[in-house]
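Trainee: From the sequence below, what's the structure:
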Amino acid sequence: MSFISKLFGKKEKESLNQGLAKTKESFFGKLARAVAGKSTVDEEVLDNLEEVLIGADVGVNTTVKIIDRIEERVKRDKYLGSAELNMALKEEIVHLFKGKQSTEFDFSGALPYTPYVIMVVGVNGVGKTTTIGKLAHRFKQGGKAVILGAADTFRAAAVDQLRIWSERVDVPLVQQGMGADPASVAFDTLSSAKAKNADVVIIDTAGRLHNKVNLMNELGKIRNVMQKVIPGAPHEVLLVLDGSMGQNAIEQCRQFTQATSVNALAITKLDGTAKGGVVIGISDEFNIPVKYIGVGEKMEDLQVFNAAEFVDSLFS
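Mentor: This next block holds a predicted model:
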């Protein structure tokens, strides 16, 4: 049994199955109609499959890759029955995820740096603050000392929401209130983390995309200040995306990856949408590991992403 499968237990699998139910129902309903009355995968079936994948928000570029590889299978195998299409499709999607996921991660395991500094980015409304709260809970459950930093000082509500989560999870919060310099908040948070020997620091940042230059400058300033306190920080720049936004989530990913060095993704709200295919498209197009997915309201419903289990739940 692999390291990741030990972490992925029965409860996690049930939660994932439930969280992807809407996507699965929509996707396979359309797929069944695409092959209805067909005994082989011909040009019409491939055209229909293309529509199904795009409709599931897999994205045009990724869809073209999948269709091209299935076309190659049809040519190579001479005969590919429509009944075998599901298995072929599943294998091609698993292939797309290869080399693009972090497979050895455990909230209770050893961290590569101490303190391990995570800077969280993403637009307002995607579940950024909730993700931070759930992450803090998961790390604390894993025996880690966690500190939060409220560096989204553009909105008073953002600071208030993070304070509520810090109280709920019972971890300390460093804040200066609305209008404070975000870099100053980051400096204070990391200084406090060093003084208290914290294991994990999670910094919230403002979710604005109206001016990419300002966003780039602000995030750059926060990073520079962090590195003065802890060289190499932030160790993880986690971009939070709302899975229910489909193609808009892909565009947000494009904007943020141009503005800062994102090296991990969290895709939220998959339980409330039929657009779960966006996970496949984002992972493929940006070549950034999807580290977490949100498949429900409970604390434990923020899961460490496992590509094999994700695809299995989608197709089982």
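
Trainee: which stretches of the chain aren't confidently modelled?
Mentor: Scanning the chain for pLDDT under 70 picks out the ranges 1-8, 78-79, 101-104, 209-212.

Trainee: what are the ranges of the strands in it?
Mentor: 116-121, 146-151, 173-174, 200-205, 236-242, 264-268, 290-294, 302-304 (DSSP state E).

Trainee: How about residues contacting the shortest one?
Mentor: Put plainly, it is strand 173-174. By Cβ atoms under 8 Å, 6 or more residues apart in numbering, the surrounding residues in contact with strand 173-174 are 147-150, 162-163, 166, 185, 188-189, 192. (Glycine included, C-beta is placed from N, CA and C.)

Trainee: From the residues you listed, pick the one nearest Leu270.
Mentor: For these, the minimum distance to Leu270 (Cβ to Cβ) is 23.0 Å, reached by Leu162.

Trainee: Contact partners for that closest one?
Mentor: Contacts of Leu162 by Cβ under 8 Å, 6+ apart are 129, 132-133, 148, 150, 152, 173, 175, 204.

Trainee: about what we covered before: output the strands of the chain as CSV; include the columns distance to Arg73.
Mentor: Below are those laid out as CSV (distance: least, Cβ to Cβ, whole Å):
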stretch, distance to Arg73
strand 116-121, 39
strand 146-151, 47
strand 173-174, 53
strand 200-205, 44
strand 236-242, 31
strand 264-268, 28
strand 290-294, 26
strand 302-304, 31
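
Trainee: Relative to Ala83, which of these is closest?
Mentor: strand 290-294 (29.8 Å).

Trainee: quick one: buried residues of the closest one?
Mentor: By 16 or more other Cβ atoms under 10 Å, the buried positions in strand 290-294 come out as 290-294.

Trainee: Tally up the residues packed near Gly127, please.
Mentor: Using other Cβ atoms under 10 Å, Gly127 has 21 other residues around it.

Trainee: Please read the previous query as pertaining to Met226.
Mentor: That count, for Met226 with other Cβ under 10 Å as the rule, works out to 25.

Trainee: going forward can the numbers begin at 51, since that is how I track them
Mentor: From this message on, residue numbering opens at 51, which makes the last subject Met276.

Trainee: Contact partners for the spatially closest residue to it that is not a sequence neighbour?
Mentor: Distances taken as Cβ to Cβ, 6 or more residues apart in numbering place Ala283 nearest to Met276, at 4.1 Å, with adjacent residues excluded. By Cβ under 8 Å, 6+ apart, Ala283 lies in contact with 167, 240, 251, 273, 276-277.
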